[in-house]
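Novice: Fold the following and give me the result.
(one chain, ligands or ions: 1)
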Amino acid sequence: MLTDAFDAARGERVGILDPDGRVLRPDLLPALTPDDLRRVLALMILTREADRKALLLQRQGRLGTFASSLGHEACQVGSAFGLRAEDWAFPYFRDMGLYLTVGYPLATYYHYWMGNEAGFRTPDGLNLFPFAIPVASQIPQAVGAALAAKHLGKPLAVLTTFGDGATSEGDFHEGLNFAGVHRAPVVFVCYNNQWAISTPISRQTASASIAQKAAAYGFPGLAVDGNDVLAMIAAVREALDRARSGGGPTLIEAFTYRMSHHTTSDDASRYRSREEVETWERRDPLARFRAYLAAQGYWDQDFEGRLGAETGARIEAAVAEAEKTPPASLEDLFVFTYKEIPARLAAQLAERKMQLGGAR
Ligand SMILES: Cc1ncc(C[n+]2csc(CCOP(=O)(O)OP(=O)(O)O)c2C)c(N)n1
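Specialist: Residues are numbered from 1 along each chain as shown. Alright, predicted model coming up:
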């Protein structure tokens, strides 16, 4: 068990690859076929390129405010890779790689950031909650879903993700406490990317690690190198298996970094140093995994070229599809919460329509 072998309270962290992609711990390598490994790389590349495209679209006024995932590809794809169709995921707002790994359509993901309600409509058959904008609100929801599964006798796991900022919210502590007491089949993955907008981790918690907080709730916690996709897959898989087999919850801290600004409305250069960013650029999760695959003989320039072309075409098709959908209407802001619009909201809608001169 990784949770027995690594003590987060002593600063121990699961890592399989070093920053150059060399294998540090062959004994911990997760069982993956060459096809699995190539699929992991393809998903990480898709996540990065789709993210870059979103940033460009935002600059061109074709997409609204956007929360970039650059640098999170390993923890996102790695967390989602072990999910089965019957499991559930409750992600937060910065989780493009998780969405793409479970099969959420990229066009729908773009819809969300274009301000279109279509972006909140999870396709039938995908056990995925729309991502949570209120920090940490998805954590008790995930615990509730896990308990429901337990009561129904369904051997499934629930995964929820959040940033380090979420660990200061009451929802985090209430969720973990309840999960511990009731041994809910849930896996908590904290993407500790060092910053919650401009608040550094040193101002977020006095604990030496996030993972060690699990001890207070009576279940295992594990710190993982969040830029090492193989370590993430191994750790989250073990935790999902524990959940499915009645072993209760796990808290995983993925130690990583947000490469970009908090959102396109933020300027991170005002609160963090160039040197810090450069240090993390040298730990790029994609470069590391490519180097590993190349050393195994599963990667070469030809493969990269084909993958690049496929990824580019897929992204362009998603953008075209997203932009083909008519923009959200004014009514969309009002119609999805209540079965019948309350009088107060109906009055607001009428007033806004009048202001717009009936243009929409
Ligand atoms: C309850 C709540 N409070 C404040 C905000 C404003 N807000 C949005 S993102 C954010 C920081 C979140 O940081 P973290 O949880 O570490 O995730 P990250 O953005 O770093 O991935 C804050 C304070 C919010 N969305 N919800």
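
Novice: Tell me the secondary structure at E253.
Specialist: The three-state label for E253, taken from DSSP: H, G, I helix; E, B strand; the rest coil, comes out as strand.

Novice: Which strand residues bridge it?
Specialist: Bridge pairing for E253 (DSSP bridges) gives the partners C190, A223.

Novice: Distance check, it against G221.
Specialist: 7 Å (C-beta to C-beta, to the nearest Å). Backbone N, C-alpha and C define where each C-beta goes, glycine included.

Novice: Identify the contacts common to those two.
Specialist: Contact criterion C-beta atoms under 8 Å, 6 or more residues apart in numbering; residues shared by E253 and G221: 8, 209-211.

Novice: Taking these together, which two end up most distant?
Specialist: Taking C-beta to C-beta, the two most distant members of the shared contacts of E253 and G221 are A8 and I210; they sit 8.1 Å apart.

Novice: Find residues that contact each of the two.
Specialist: Listed contacts common to A8 and I210 are 221, 223, 253; contacts here mean C-beta under 8 Å, 6+ apart.

Novice: Could you single out the nearest of these to the ligand?
Specialist: E253 (11.9 Å; C-beta to the nearest ligand atom).

Novice: what sits against the closest one?
Specialist: If you count contacts by C-beta under 8 Å, 6+ apart, E253 has them with 8, 190, 192, 209-211, 221-224, 226.

Novice: And it, how far from G78?
Specialist: 13 Å.

Novice: Looking at the shared contacts of E253 and G221, spot the one nearest the ligand.
Specialist: When those are compared for distance to the ligand, the smallest value, 10.3 Å, is given by I210; criterion: C-beta to the nearest ligand atom.

Novice: who's whatever residue of the chain ends up closest to the ligand bridged to?
Specialist: For the chain and the ligand, the shortest gap (C-beta to the nearest ligand atom) falls at G163, measuring 2.1 Å. Beta-bridge partners recorded for G163 (DSSP bridges): Y191.

Novice: What sits closest to F178 if chain neighbours are left out?
Specialist: Counting by C-beta to C-beta, 6 or more residues apart in numbering, the nearest residue to F178 once its immediate chain neighbours are dropped is V143, at 5.4 Å.

Novice: which secondary structure elements does whichever helix or strand that neighbour is part of contact?
Specialist: Secondary structure assignment for V143, by DSSP states H and E: helix 138-151. Based on contacts counted as 3 or more C-beta pairs under 8 Å, 6 or more residues apart in numbering; DSSP states H and E, the elements that helix 138-151 packs against are strand 88-90, strand 158-163, helix 170-182, strand 186-192.

Novice: Quick one: closest of these to L345.
Specialist: Distance to L345, taken as C-beta to C-beta, is lowest for helix 170-182 among the helices and strands packed on helix 138-151, at 26.4 Å.

Novice: Enumerate every residue touching T264.
Specialist: Under the criterion of C-beta under 8 Å, 6+ apart, the contact partners of T264 comprise 55, 58-59, 65-66, 68.

Novice: Pick the most buried one from the helices and strands packed on helix 138-151.
Specialist: Ranked by mean neighbour count under mean count of other C-beta atoms under 10 Å, the helices and strands packed on helix 138-151 are led by strand 186-192, which reaches a mean of 30.

Novice: How about A239, nearest residue that isn't a chain neighbour?
Specialist: If you skip the residues right next to it in sequence, A239 has T250 as its closest partner in space, 3.7 Å away by C-beta to C-beta, 6+ apart.

Novice: Just read off the phi/psi values of that neighbour.
Specialist: Note on T250: its backbone torsions stand at phi -140, psi 140 [degrees, to the nearest 10].

Novice: I'd like to know how many residues surround it.
Specialist: Summarising burial for T250: neighbours were counted as other C-beta atoms under 10 Å, giving 28.

Novice: for F131, same thing?
Specialist: Here the neighbour count serves as a burial measure; for F131 (other C-beta under 10 Å) it reads 23.

Novice: okay, which residue is most central for the protein?
Specialist: Most central residue of the chain, judged by C-alpha distance to the mean C-alpha position with C-alpha atoms, centre = their mean, is D95 at 2.8 Å.

Novice: Am I right that it is in contact with E73?
Specialist: No: under the criterion of C-beta atoms under 8 Å, D95 lies out of contact with E73, with a separation of 10.9 Å.

Novice: The helices and strands packed on helix 138-151 into a markdown table, with extra columns for mean pLDDT?
Specialist: Shown next, in a markdown table, are these (pLDDT from 0 to 100):
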| stretch | mean pLDDT |
| --- | --- |
| strand 88-90 | 98 |
| strand 158-163 | 98 |
| helix 170-182 | 98 |
| strand 186-192 | 99 |
